[in-house]
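Novice: this is a predicted model, with the sequence first.
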Amino acid sequence: MTENHVTVYEVGPRDGLQNEAGIVPTKQKIALIDLLSETGLRYIEATSFVSPKWVPQMADAAEVMAGIARKSGVTYAALTPNMKGLEAALETGADEVAIFGSASESFSQKNINCTIAESLERFAPVAKAALAAGVSLRGYVSCVIACPYEGTIAPEPVRDITQALLDLGCGQVSLGDTIGKGTSESAANLLDVLVGTIKADLLAGHFHDTDGTALANVETALSYGLRCFDSAIGGLGGCPYAPGAKGNLSTISLVEMLQAEGWETGLDMDKLHVAEAYLQTNIAGVADAL
């Protein structure tokens, strides 16, 4: 990997589709992931092993993982909030699992029904078991800049939970601007605090594009040394527990900006367009119609 390389972490099949109003058929999810696997992406977040009561769009997680055509060199990841989810993910051969916390107490209660401290206690055995099983472990932090319930979030609690997730064994922590209110200035204020004690290569940026500022936030994060960014094909997504979270940063928009500025991504733009066209024709329309 060259110093000029930026990793694009595709989250559309999970973080994108979980927020669709309708249930996308399993075969179409599989087809989308298979198309994404051909683009040069090295990381694809395929699904989430969560309660179908709370996130019905992800009820077919095991079927999705069993049905995809795995491509060598691609890491297929799944969100696993508890031991039951982890065990199910391991049974289906997930290459990486993720745990997720929040920098906002209110959002933590709304999203996973516990305090931040309680969430870390819950994640500890999941993290330990995941590492013992030999799979990679990723962490997510929600509301790193603003919360739909509390407003602006100070950088210090973001730093603290990020470090706590790293201490649990996460190889990388993705910083989520969950409602897309971040600006270059607020992103810089956050990273001024975080990179003072945490290495930039342990961090990823996850910027939602609610106000059209995601690409500017990526540029700011690049200047602080971050070299991994989450995005979703077609700009899918949001968060079912975050009012106003309209969508993730579009993968194609991210790659176009990076390539225009001389960064290497290793991605095939033509194949990304094929995947996005499939999404728009076969998935977005289905979800809207249901």
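Specialist: That came through fine.
Novice: from what I can see Ala146 touches Thr152, true?
Specialist: Yes: assessed by CB atoms under 8 Å, Ala146 is found in contact with Thr152 at 5.5 Å. Placement of C-beta: from N, CA and C, glycine included.
Novice: comparing these two, which residue is more hemmed in?
Specialist: Ala146 (21 against 11; other CB atoms under 10 Å).
Novice: give the contact list for the more buried one.
Specialist: By CB atoms under 8 Å, 6 or more residues apart in numbering, the contact set of Ala146 is 152-153, 177-179, 181-182, 186.
Novice: buried subset of the residues you listed?
Specialist: When the contacts of Ala146 are checked for burial by 16 or more other CB atoms under 10 Å, the buried set is 153, 177-179, 181-182, 186.
Novice: just these now: which is nearest Asp15?
Specialist: Nearest to Asp15 among the buried ones among the contacts of Ala146: Thr178, at 10.4 Å, using CB to CB.
Novice: next, that closest one: phi, psi?
Specialist: Main-chain dihedrals, Thr178, degrees, to the nearest 10: phi -60, psi -40.
Novice: tell me where the stretch 51-200 of the chain has helices.
Specialist: In the stretch 51-200 of the chain, the helices defined using DSSP state H, counting those that start in this stretch lie at 61-67, 83-91, 105-112, 116-132, 155-167, 184-194.
Novice: contacts for the second one?
Specialist: Where contact means CB under 8 Å, 6+ apart, the residues beyond helix 83-91 that reach it are 48-50, 61-62, 65, 78-80, 97, 125-126, 129-130, 133, 135.
Novice: re earlier: closest to Thr26 among the buried ones among the contacts of Ala146?
Specialist: Thr178 (27.0 Å).
Novice: I'd guessed the closest one sits against Tyr140; true?
Specialist: No: using CB under 8 Å, Thr178 is not in contact with Tyr140; the gap is 9.7 Å.
Novice: these two touch, right, Gln192 and Arg159?
Specialist: Let me fix one detail, which is that residue 192 is Asp and not Gln. No: judged on CB under 8 Å, Asp192 makes no contact with Arg159 at a distance of 10.3 Å.
Novice: okay, the two: which has more neighbours?
Specialist: With neighbours defined as other CB under 10 Å, Asp192 and Arg159 compare such that Arg159 has more, 20 against 11.
Novice: list the contacts of Tyr76.
Specialist: 33, 44, 46, 65, 68, 70, 93-96 are the contacts of Tyr76 under CB under 8 Å, 6+ apart.
Novice: show me what counts as buried in stretch 157-166.
Specialist: So stretch 157-166, judged by 16+ other CB under 10 Å, has buried residues 157-159, 161-162, 164-166.
Novice: now do that stretch: distance to the chain's middle.
Specialist: 17 Å (CA atoms, centre = their mean, to the nearest Å).
Novice: then stretch 256-273?
Specialist: The answer for stretch 256-273 is 19 Å, by CA atoms, centre = their mean.
Novice: got it, and stretch 221-232?
Specialist: 12 Å.
Novice: thinking again about what came up before, so what's in contact with Ala146 and Thr152 at the same time?
Specialist: Contacts common to Ala146 and Thr152, judged by CB under 8 Å, 6+ apart, are Ser186.
Novice: tell me which element the nearest residue to Pro56 once chain neighbours are set aside falls in.
Specialist: Of all residues not flanking Pro56 in the chain, Ile23 sits nearest, at 6.4 Å (CB to CB, 6 or more residues apart in numbering). Assigned by DSSP states H and E, Ile23 belongs to neither a helix nor a strand.
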